[in-house]
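> With the input below, show me the fold.
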Amino acid sequence: MVDAEVFRNKLEHLEEYINDLEEYQDLSLEKLSGDKVLFRYLERTIHLAVESVLDIGSHIISDRVKVCSQTSWACPEEGQKMFKEIQRLIFKMAEAEMQARGYKVESNKKRGEVSI
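Numbers count the residues shown, from 1 in each chain. You can find the predicted model right below:
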């Protein structure tokens, strides 16, 4: 079962990292390339944000994984498969939400697109 407190904590960390990065969204390449400490700070913050996404995905998916080799679910240790599985779940939830609101939804499962 997904632990709501763990999930909420990981989302809060992700939000913090995104907010930290947004403070520098207008930073020029010239200023960034001239400041090694700032470059490393931003690089590390991006790294932490990606790790947070992987942790969140791992937490959600690991709840559903019994034995990786015997299931269609992606193994939490495999980051690329995890991102694809998260994308699939998000599209599935978005499609259900839009249909619940009365929209006609056509999805292109091959490319992961949803048309409304």
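
> So which residues of this protein form strands?
Under the criterion DSSP state E, the chain carries strands at the ranges 106-108, 113-115.

> Those: lowest mean pLDDT?
Sorting the strands of the chain by mean pLDDT places strand 113-115 lowest, at a mean of 49.

> wait, Lys10 sits on Ile56?
Yes. Using Cβ atoms under 8 Å, Lys10 is in contact with Ile56, at 4.9 Å. C-beta: built from backbone N, CA, C; applies to glycine.

> Can you give me the domain assignment for this protein?
Domain assignment for the chain by automatic domain parsing gives 1-63, 76-116.

> Any chance of these in TSV with mean neighbour count as columns?
Formatted as TSV, these follow (neighbours: other Cβ atoms under 10 Å):
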stretch	mean neighbour count
domain 1-63	13
domain 76-116	13
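
> quick one, what contacts the closest residue to Asp3 other than its chain neighbours?
The spatial neighbour of Asp3 that comes closest, neighbours along the chain excluded (Cβ to Cβ, 6 or more residues apart in numbering), is His59 at 7.3 Å. When contacts are counted by Cβ atoms under 8 Å, 6 or more residues apart in numbering, His59 touches Val2, Asp3, Val6, Phe7, Lys10.

> From Thr45, how far out is His59?
Going from His59 to Thr45 by Cβ to Cβ, to the nearest Å gives 21 Å.

> Look at Val105 and report its pLDDT.
Val105 carries a pLDDT score of 69 in this model.

> Helices of this protein, residue ranges please.
Assigned by DSSP state H, the chain shows helices spanning 4-22, 29-33, 36-62, 79-100.

> tilt between the third one and helix 4-22?
Yep, that's helix 36-62 we're talking about. Helix 36-62 and helix 4-22 are oriented at 150 degrees to each other (axes from the mean of the first three to the mean of the last three Cα atoms, to 10 degrees).
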